[in-house]
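A.B. asks: what would the 3D arrangement of this be:
(chains A and B)
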Amino acid sequence: GQQLNQSPQSMFIQEGEDVSMNCTSSSIFNTWLWYKQDPGEGPVLLIALYKAGELTSNGRLTAQFGITRKDSFLNISASIPSDVGIYFCAGFTGGGNKLTFGTGTQLKVEL
Amino acid sequence: DTGVSQDPRHKITKRGQNVTFRCDPISEHNRLYWYRQTLGQGPEFLTYFQNEAQLEKSRLLSDRFSAERPKGSFSTLEIQRTEQGDSAMYLCASSLVGGTYGYTFGSGTRLTVV
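C.D. replies: Predicted coordinates:
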């Protein structure tokens, strides 16, 4: 089946630093989504991307839909303690009937 | 509407027992999805409904699992003869048909089989 690989698997950064993570796929996706999940909660949608090359921001978050349609990137600027959590990429393929999730990037922020 | 609701939030059961979870989607959403998430992994698709019709089931959904959405509103997920390997977070999500705007997830039901 399709797999979405995220890197890094985890990262431990200082408050105020910028963060970058990415997601790669063996298949083409026509929609990319980024979710954040806090412990014991469901994932919450952060950003949605619909076109190859698209760059979209949501506050301190910026995400890009890769030109090859097989990857996506998420950047967080000036990290704060509440950014702690697990970030998942997810994508729809052509049929658009189900969402496939990545393996997750766990972010820890040091004060 | 307060979003997607799942009940219970936590369930501890003995191996071999049956359990049932409930999901109430966002009222205007006609699609409802069930996912399973184990520790350290991303959510994995189990099944989805459009209105009351179950349109797709993953091979992860063994014959011990059954899901229903009888009136196209709330849904239930039943696991019969639970096994320790069923321990996971079970997530429900809903969306409008097409769903390319992403799903809205509930807070999940954490199942522990002892």
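A.B. asks: enumerate the residues of chain A near chain B.
C.D. replies: A:4, A:31, A:33, A:35, A:40-45, A:48, A:50, A:88, A:90, A:92, A:96-104 (C-beta under 8 Å from any C-beta of the partner chain). No exception for glycine: its C-beta is placed from N, CA and C like everyone else's.
A.B. asks: buried among these? Make that a PyMOL selection.
C.D. replies: A single PyMOL command is used to select the members of the residues of chain A next to chain B judged buried by 16 or more other C-beta atoms under 10 Å in any protein chain shown:
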select buried, chain A and resi 4+31+33+35+42+43+45+48+88+90+92+97+98+99+100+101+102+103+104
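A.B. asks: where do the strands sit along chain B?
C.D. replies: Under the criterion DSSP state E, chain B contains strands at B:5-7, B:10-13, B:19-24, B:31-37, B:44-50, B:53-57, B:65-68, B:75-79, B:88-95, B:104-105, B:109-113.
A.B. asks: could you dump those strands to TSV with mean pLDDT, distance to A:G66 and mean neighbour count?
C.D. replies: Shown next, in TSV, are the strands of chain B (pLDDT from 0 to 100; distance: least, C-beta to C-beta, whole Å; neighbours: other C-beta atoms under 10 Å in any protein chain shown):
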stretch	mean pLDDT	distance to A:G66	mean neighbour count
strand B:5-7	97	34	18
strand B:10-13	98	39	14
strand B:19-24	98	33	19
strand B:31-37	95	25	25
strand B:44-50	93	23	21
strand B:53-57	92	27	14
strand B:65-68	96	34	18
strand B:75-79	98	35	20
strand B:88-95	96	24	24
strand B:104-105	94	25	20
strand B:109-113	98	34	18
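A.B. asks: residue nearest the centroid of chain B?
C.D. replies: Geometric centre of chain B, nearest residue: B:W34, 3.3 Å, by C-alpha atoms, centre = their mean.
A.B. asks: the closest residue to that one other than its chain neighbours and B:S73, how far apart?
C.D. replies: Spatially, and ignoring its direct neighbours in sequence, B:W34 is nearest to B:L46 (4.3 Å; C-beta to C-beta, 6 or more residues apart in numbering or on different chains). Remark: distance between B:L46 and B:S73 (C-beta to C-beta, to the nearest Å) = 19 Å.
A.B. asks: any idea how far chain B is from A:G66?
C.D. replies: With distances taken as C-beta to the nearest C-beta, to the nearest Å, A:G66 is found 17 Å from chain B.
A.B. asks: what is the burial count for the closest residue in space to that residue that isn't next to it in sequence?
C.D. replies: Spatial nearest neighbour of A:G66, excluding adjacent residues (C-beta to C-beta, 6+ apart): A:S72 at 5.8 Å. Residues contacting A:S72 under the criterion other C-beta atoms under 10 Å in any protein chain shown number 28.
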